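J.: pasting a predicted model and its sequence here:
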Amino acid sequence: MTSGKTRPEAAQGKRDAAVAAEPVAVAAQPVAERDAAAVASESTAGQRDIKALAERVKARRKENGWTQADVAKKGGPSAGAISQIERCLIEEPAEDLLAKLDAALEWPSGTADGIVRGLVGAAS
């Protein structure tokens, strides 16, 4: 018993079904997760490394026992902005925001910018 389709036609039908299912899988993923994943995957040479900044900001806060509000009170960006940074939601942080991070996190001037530009290594 055959379905009346030749093997190439049957294979094409399977490929079409698989392609049609792909957008559903992507759409089921929350937008914030897709955006964060896209930003994280773009940290190649010449592009801004937002994921590295997010990781370093959070690690610095944790090692000092600071909340996002504590960093804001120390002269950093608002707690909401810090939250967005740590979740990779600010793709192009302004120079003044990076300078505030340096001051509040007690980093040398230019550290946050260096992290974003890939000039400051993970151990710095």
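T.: That came through fine.

J.: what residue ranges in this structure score low on pLDDT?
T.: Counting by pLDDT under 70, the chain shows low-confidence ranges at 1-46, 122-124.

J.: let's see 50
T.: Scanning the chain with the threshold set as pLDDT under 50 gives 14-45, 123-124.

J.: so where do the helices sit in it?
T.: Counting by DSSP state H, one finds helices in the chain at the ranges 7-28, 31-41, 50-64, 68-73, 79-86, 95-104, 111-116.

J.: flag every buried residue along the third one.
T.: Within helix 50-64, the residues scored as buried using 16 or more other Cβ atoms under 10 Å are 50-57, 60-61. (C-beta placed from N, C-alpha, C; glycine too.)

J.: wait, which of the residues you listed is closest to L105?
T.: Among the buried residues of helix 50-64, R60 lies closest to L105 (Cβ to Cβ), at 4.8 Å.

J.: am I right that the closest one is in contact with W107?
T.: Yes. Applying Cβ atoms under 8 Å as the test, R60 and W107 come out as touching, 7.4 Å apart.

J.: just to revisit the earlier point, of the buried residues of helix 50-64, closest to A81?
T.: The closest of these to A81 turns out to be V57 (Cβ to Cβ; 10.5 Å).

J.: and that closest one, what does it touch?
T.: With contact set as Cβ atoms under 8 Å, 6 or more residues apart in numbering, V57 has these partners: 82, 85-86, 101, 105, 112.

J.: got those as CSV, with neighbour count and distance to G118 columns?
T.: Putting these into CSV (neighbours: other Cβ atoms under 10 Å; distance: Cβ to Cβ, whole Å) gives the following:
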residue, neighbour count, distance to G118
I82, 28, 21
I85, 25, 16
E86, 18, 18
L101, 27, 16
L105, 21, 18
A112, 27, 12
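
J.: will you turn those residues into JSON lines that also has distance to G121?
T.: Rendered in JSON lines, the data for the contacts of V57 read as follows (distance: Cβ to Cβ, whole Å):
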{"residue": "I82", "distance to G121": "22"}
{"residue": "I85", "distance to G121": "19"}
{"residue": "E86", "distance to G121": "20"}
{"residue": "L101", "distance to G121": "17"}
{"residue": "L105", "distance to G121": "17"}
{"residue": "A112", "distance to G121": "14"}
